[in-house]
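Enquirer: fold the following.
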Amino acid sequence: MGRAATMMTDPAATGIAHVPRLAAPGWDGADCALARRLGGFAPLDAQDRAALAGLIGYVRPVGRHTVLVEQDSVADHAVIVFAGFASRGKHRASGRRQIVAYLVPGDLCDRGVLHDHPLGHAIETLTPCLVARVPRAAYLDLLGRHPRIALALQRARLAEEATVHEWVANIGMRSGTERMAHLLCELMERLGTVGQVTDGQYALPLTQTDLADTLGLSSVHVNRVLQALRRDRLISLCGHRLRVLAPRRLRELAEFGAGSP
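Expert: A predicted model of the protein is given here:
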């Protein structure tokens with residue numbers, strides 16, 4: 001794939017440095033990111049939330065640039081991100097990569113489990129993550145016993161499709177600055193639903209290369225776009241913390257309306 005990427009094989013693998021801890025905020029039982037996200041799509045009762053909290057038993061820390069599902073493979077487990085950033089990416093034989101979606105806390109991929117169909121892209125961590133690999137039998141049992149969770153997941157997939165449409169529009173219709181503004185608005189919206197935005201500020205632990213491979217820009221262009229947004233006092237960026245200083249202006253620039261994902 002053109003970079004040093006490892007395949008996640010042993011879920012109990014040790015020696016992974018700088019990964020989130022299981023005791024991090026947001027890990028108190030049924031209030032995990034997955035329950036928060038799905039609760040926004042369908043009302044979940046206490047039993048539903050307890051079942052989702054039970055998935056934490058499958059969670060393991062994973063280092064950055066770890067391949068969770070190989071491109072063109074059929075996964076026999078659902079992949080759920082509880083902390084960190086992962087991506088869906090298309091890879092060419094030359095090693096070039098196009099990131100086609102992000103998986104942030106509360107997101108999952110269950111295509112192989114539900115449809116036994118090859119995944120047309122790879123799933124890879126972009127940062128240290130906490131990831132659950134839920135076996136097919138356990139995942140299908142969860143959906144069968146909790147129809148509200150199944151309904152929430154169906155609605156979540158519709159939201160994911162809408163996000164894909166916006167990403168296509170980004171590449172085909174928007175300038176580099178507009179693409180970046182739209183992505184930053186999207187992340188603020190998505191991370192906000194799982195309680196990871198405070199006063200317009202959230203973690204953005206992505207490299208300029210990651211952003212370039214997402215937006216169809218060069219790393220140099222990404223740097224210029226970020227500098228322009230900072231110069232116009234739309235955002236501030238300190239380390240891996242981004243703060244949206246002018247939410248309304250940033251949304252107007254991105255044309256990120258109420259109907260956006």
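Enquirer: report the central residue of this structure.
Expert: Within the chain, one residue has its C-alpha closest to the average C-alpha position: by CA atoms, centre = their mean, that is Leu103, at 1.7 Å.
Enquirer: give me the distance between that residue and Arg248.
Expert: Separation of Leu103 from Arg248 (CB to CB, to the nearest Å): 28 Å. Glycine gets a C-beta too; all of them are placed from N, C-alpha and C.
Enquirer: over to Gly39?
Expert: Note on Gly39: its distance to Arg248, by CB to CB, is 27 Å.
Enquirer: which one's more surrounded, these two?
Expert: Neighbours per residue (other CB atoms under 10 Å) separate Gly39 from Arg248, with Gly39 holding more: 21 against 8.
Enquirer: you'd agree the more buried one is up against Arg155?
Expert: No. Using CB atoms under 8 Å, Gly39 makes no contact with Arg155, being 11.2 Å away.
Enquirer: report the contact partners of the residue nearest to the centre of the chain.
Expert: Residues in contact with Leu103 (CB atoms under 8 Å, 6 or more residues apart in numbering) are Val79, Val81, Phe85, Ala86, Ser87, Arg88, Cys109, Ile123.
Enquirer: and which of the residues you listed is nearest to Asp199?
Expert: Of all these, the one with the least separation from Asp199 (CB to CB) is Phe85, at 20.8 Å.
Enquirer: what's around the closest one, how many residues?
Expert: Applying other CB under 10 Å, we find 23 residues neighbouring Phe85.
Enquirer: so it sits right up against Leu126, yeah?
Expert: Yes. Proximity of Phe85 to Leu126 meets the contact threshold set by CB under 8 Å, at 4.5 Å.
Enquirer: which neighbours do these two share?
Expert: Common neighbours of Phe85 and Leu126 are listed as Tyr102, Pro205, Leu206 (criterion: CB under 8 Å, 6+ apart).
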